[in-house]
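Chemist: could you work out the structure for the sequence below:
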Amino acid sequence: MTRRALPGERPITRAFLLAAGRGTRLRPITDHTPKCLVPVCGKPLLQIWLELFERFGIEEVLVNTHHLAATVDEFARNWNRAPRLRLSHETTLLGSAGTLRENWKFVGQDESFLVCYADNLTDVDLGRLMAFHRRHSSLVTMTLFQTDRPRECGIAQVRDDGLILSFEEKPASPKSALANAGIYIMRAGVRRHLPEKAPADIAIDMLPNCLGEMRGWTWKGFLADIGSPDAYARAQELWAQRQAAHGPPGH
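Modeler: Residues are numbered from 1 along each chain as shown. Okay, the predicted model is just below:
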């Protein structure tokens with residue numbers, strides 16, 4: 001899929017896909033299968049993400065590994081399609097922000113890059129997200145969704161123009177029902193907000209330092225967590241229904 005960048009801004013071609021978690025809430029499924037490779041209607045979740053990236057012009061993806069890393073290594077050896085897949089093994093978990101810092105060279109000279117949590121199932125329109133990102137100069141574009149459980153999520157309070165006024169993880173008194181979807185576009189200047197310590201988490205240790213430099217874009221389409229056996233079963237059911245109604249993602 002060909003995309004045009006705004007004058008002076010190069011297309012986004014790189015993505016971090018954060019996949020190193022142990023998936024403890026998804027046991028016993030993750031006792032033998034890493035969370036990023038659990039099948040969704042017969043297809044590994046990682047493959048669904050890679051196919052999504054390819055449709056929107058992403059050329060290279062860095063996936064961090066830890067739990068059952070050899071299984072992900074095998075998947076990568078057999079992956080011979082776009083986008084290019086690069087693995088970064090973490091002997092000790094670095095946390096999402098720690099992974100960005102450790103692998104900063106992957107960003108290269110790019111002005112902006114994607115960061116996505118691999119434990120979500122979605123057909124998010126990355127083209128619309130990228131277009132929104134290009135319309136502002138903030139360091140971070142955070143994808144948001146409406147939740148009916150705001151006390152269990154990272155919640156953003158957003159101004160009409162998208163500027164995020166506040167962001168809080170699992171707030172006792174939520175200021176909105178707009179939740180962090182774990183899909184970001186970041187500009188290279190965000191590096192100055194990466195914590196020195198590790199492990200470090202994007203939502204907890206980095207994003208609060210970016211207030212005033214973050215904007216939110218709301219996705220109203222399909223987004224499902226697969227964090228527990230019940231959520232995983234429900235996500236597969238909804239994904240199958242979505243495919244039956246609309247065809248494979250991208251159609």
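
Chemist: buried ones in the helix ranked longest in the chain?
Modeler: The residue-count maximum for a helix in the chain (DSSP state H) belongs to helix 229-246. The neighbour-count check on helix 229-246 (16 or more other CB atoms under 10 Å) flags 231, 232, 235, 236, 239, 242 as buried. (Each C-beta comes from the backbone N, C-alpha and C, glycine too.)

Chemist: stretch 166-185 now?
Modeler: Here stretch 166-185 shows 167-168, 171, 174, 176, 178-185 as buried, counting by 16+ other CB under 10 Å.

Chemist: and if you look at stretch 139-148?
Modeler: So for stretch 139-148, counting by 16+ other CB under 10 Å, buried means 139, 140, 141, 142, 143, 144, 145, 147.

Chemist: chain center to that stretch: distance?
Modeler: In terms of CA atoms, centre = their mean, to the nearest Å, the centre of stretch 139-148 is found 11 Å from the chain centre.

Chemist: swap in stretch 76-84?
Modeler: Counting by CA atoms, centre = their mean, stretch 76-84 comes out at 19 Å from the chain centroid.

Chemist: need the distance between the two termini of it.
Modeler: With CA to CA, to the nearest Å as the measure, stretch 76-84 spans 9 Å from end to end.

Chemist: what helix or strand is the residue most central in space within the chain located in?
Modeler: The centre of the chain sits closest to residue 116, judged by CA atoms, centre = their mean, with a distance of 1.4 Å. Element membership for residue 116, per DSSP states H and E: strand 112-117.

Chemist: paired strands for that strand, with orientation please.
Modeler: strand 14-18 (parallel), strand 178-187 (antiparallel) (DSSP bridges).

Chemist: dump the ones you listed into CSV; add mean pLDDT as well.
Modeler: Shown next, in CSV, are the strands paired with strand 112-117 (pLDDT from 0 to 100):
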stretch, mean pLDDT
strand 14-18, 97
strand 178-187, 97
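
Chemist: in JSON lines, list those strands along with distance to residue 64.
Modeler: Shown next, in JSON lines, are the strands paired with strand 112-117 (distance: least, CB to CB, whole Å):
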{"stretch": "strand 14-18", "distance to residue 64": "6"}
{"stretch": "strand 178-187", "distance to residue 64": "14"}
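
Chemist: between the ones you listed, which gets nearest to residue 210?
Modeler: Shortest separation from residue 210 across the strands paired with strand 112-117 is recorded for strand 178-187, at 9.0 Å, computed as CB to CB.

Chemist: after that closest one, next one along is what?
Modeler: Downstream of strand 178-187 (by DSSP H and E), the next one is strand 214-218.

Chemist: got the angle for that following strand vs strand 178-187?
Modeler: Here the directions of strand 214-218 and strand 178-187 differ by 120 degrees (axes from the mean of the first three to the mean of the last three CA atoms, to 10 degrees).

Chemist: good, wrapping up.
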